[in-house]
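Colleague: sequence and predicted structure, then a few things I'm wondering about:
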Amino acid sequence: MKIKEIRVIVASPGRNFVTVKIITDEGLHGIGDATVNGREKAVVAYLEDHVAPCLIGRDPMQIEDIWQYLYRGAYWRRGPITMAAISGIDMALWDIKAKAANLPLYQLLGGASRDKIMCYAHAQGRTIDDVVEAVLAKKEQGYVAVRAQAGVPGFESIYGIHKKGKKKNVLEGRLPEEEVWSTTKYLRHIPKVFEKLRDVVGWDTHLLHDAHHRLTPIEAARLGKELEPHQLFWLEDAVPAELPEGYRLIRQHTTTPIALGEVFNTIWDARQLIEEQLIDYIRTTSVHAGGVSGLRRIFDFASIYHVRTACHGPTDVSPVAMGANLHVDLWVPNFGIQEFSGYSEATHEMFPHAWSQDGGFLHPGEAIGHGVDIDEAVAAKHPYKRAYLPVNRLEDGTLWHW
Ligand code: CS2
Ligand code: MG
């Protein structure tokens, strides 16, 4: 079998997605997600100008060699753009291999280790009462795990809470929105949110929270400690992880479980944090960390250090990467949880998929391959629109982590 054609499809069914389609000379095709939210066209150029020409005529069954060729073979390696491109190719190749074997992908990985995949939903609200209501609504829908994000009094929009009258934090075609942030005010407010949540929601729902990279280690340590009475499932992305040893300080002070890694691209980003057991959940996802091959390598490594998996799965991780994640989730022995924040109707229509949801649980389905395809006619109806994630400033104007 040979790779005959590689198509890069960019479409915006509510938000932008970059999808790689690999077509073989034997008529089999596979697809992969290569979306980097807010930087989509950079991945498109990387794939079209630099990656695709090298792969035409190659054997699509040589997944590992192609992965190494694109990773090791590029002198300028790693980084989100390169790794999203590799991820898209890798996912599409696993799709082709599983189709050729006439098996659902999870069977090639080693088979199912569980019957269903626990996922967590997003709940958010401007006021504490709104958050409580949002969490209860998710519980009602059957979720056993819910991430709760609350507004901080005095701020109109922060991560997870959008400006009134605006549906999304993605500003189509314009420049990034600028938000304002105060860690002091946030730290004072969040423990009250979880106190109320435990009072009303009770103890049989896992509660999660995402600090979205805004704290310093000592601030994160304090937050973790103050949240201990409310027994969170995890505190996510407390501190940016460019300095992994910073997490030692957090660990010394709190037993709140720590989740990290949605922006990681390789096993090297996660190595020290895993090896020193500074985190409990590794959040790498197929689209940003090297596809199925990259994820498998990171998760196997994590398994010997008591670190469990928790693939990133917001709306900008496409249904294709979600499908790939779910096959890995069904197999991986050290599975923890899967993030799932759902998709627009137009997105479901553009990506027909075998994976399914039953309340708070997901399953990749039994279709051969990874079970997700792209309807190119639907994609053509949703042209790309430039969009950015917001940037964040402190109250005095200093640029801060978003
Ligand atoms: C997030 C994402 O899902 C999460 O935990 O942190 O919403 C993240 O902000 C987006 O994926 C950015 O593109
Ligand atoms: Mg996050």
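Modeller: Yes, it's here. Ligands and ions are numbered 1, 2, ... in the order given.
Colleague: pLDDT of the helix or strand where L187 lies, averaged?
Modeller: For L187, the enclosing helix or strand under DSSP states H and E is helix 183-201. On average, the pLDDT along helix 183-201 is 98.
Colleague: buried stuff in that helix?
Modeller: Within helix 183-201, the residues scored as buried using 16 or more other CB atoms under 10 Å are T183, Y186, L187, H189, I190, P191, V193, F194, K196, L197, R198, V201. The way it works is simple: take the backbone N, C-alpha and C, and place the C-beta from them, glycine included.
Colleague: what about it, distance to the chain center?
Modeller: The chain centre lies 25 Å from the centre of helix 183-201; the measure is CA atoms, centre = their mean, to the nearest Å.
Colleague: i'd like the first residue to be 234 from this point on
Modeller: Yes, from this point I'll number from 234; that puts the last item at helix 416-434.
Colleague: OK, contacts around the residue of the stretch 434-583 of the chain found nearest ligand 1?
Modeller: Going by CB to the nearest ligand atom, ligand 1 is nearest to P547 of the stretch 434-583 of the chain, at 3.4 Å. P547 makes contact with H355, E572, S574, according to CB atoms under 8 Å, 6 or more residues apart in numbering.
Colleague: and with 6 Å instead?
Modeller: Shown in contact with P547 (CB atoms under 6 Å, 6 or more residues apart in numbering): S574.
Colleague: pLDDT value on it, please?
Modeller: For P547, pLDDT reads 98.
Colleague: that one belongs to a helix?
Modeller: No. Counting by DSSP: H, G, I helix; E, B strand; the rest coil, P547 falls outside a helix, being coil.
Colleague: list phi and psi for it.
Modeller: In terms of degrees, to the nearest 10, the main-chain angles of P547 are phi -80, psi -170.
Colleague: just give me the neighbour total for the nearest residue in space to G344 that is not next to it in sequence.
Modeller: What sits nearest to G344 in space, not counting adjacent residues and going by CB to CB, 6 or more residues apart in numbering, is W564, at 6.6 Å. Using other CB atoms under 10 Å, W564 has 21 neighbouring residues.
Colleague: element containing the residue in the stretch 234-383 of the chain positioned nearest to ligand 2?
Modeller: Using CB to the ion, the closest approach of the stretch 234-383 of the chain to ligand 2 is made by R380 at 8.4 Å. Taking DSSP H and E as the definition, R380 sits inside strand 378-383.
Colleague: which strands and helices sit next to that strand?
Modeller: strand 350-358, helix 361-373, strand 439-443 (3 or more CB pairs under 6 Å, 6 or more residues apart in numbering; DSSP states H and E).
Colleague: now do the same contact list for the residue nearest the centre of the chain.
Modeller: Centroid-nearest residue in the chain, with CA atoms, centre = their mean: H545, separated by 2.3 Å. H545 sits next to E495, R516, T518, E572 when contact means CB under 6 Å, 6+ apart.
Colleague: can you pick the most crowded of the residues you listed?
Modeller: T518 (28 neighbours).
Colleague: for A356, give me its contacts.
Modeller: A356 touches A367, V368, K371, V379, A381, counting by CB under 6 Å, 6+ apart.
Colleague: mind running it again at 10 Å?
Modeller: With contact taken as CB atoms under 10 Å, 6 or more residues apart in numbering, A356 is in contact with 363-372, 376, 379-383, 393, 430, 434, 440-441.
Colleague: picking that back up, select from the contacts of H545 every entry located in strands.
Modeller: E572 (DSSP state E).
Colleague: between the contacts of H545, which sits nearest ligand 2?
Modeller: Once CB to the ion is applied, the member of those that ends up nearest ligand 2 is E495, at 5.0 Å.
Colleague: so for the closest one, what's the pLDDT?
Modeller: 98.
Colleague: one more: D562?
Modeller: 99.
Colleague: and it, what element?
Modeller: Going by DSSP H and E, D562 is in helix 552-564.
Colleague: would that helix count as contacting ligand 1?
Modeller: No. Using CB under 6 Å from any ligand atom, helix 552-564 stays clear of ligand 1, with a minimum separation of 11.2 Å.
Colleague: I'd like the distance from that helix to the chain centre, please.
Modeller: 11 Å.
Colleague: report how many residues lie close to D323.
Modeller: Going by other CB under 10 Å, the residues that sit close to D323 add up to 30.
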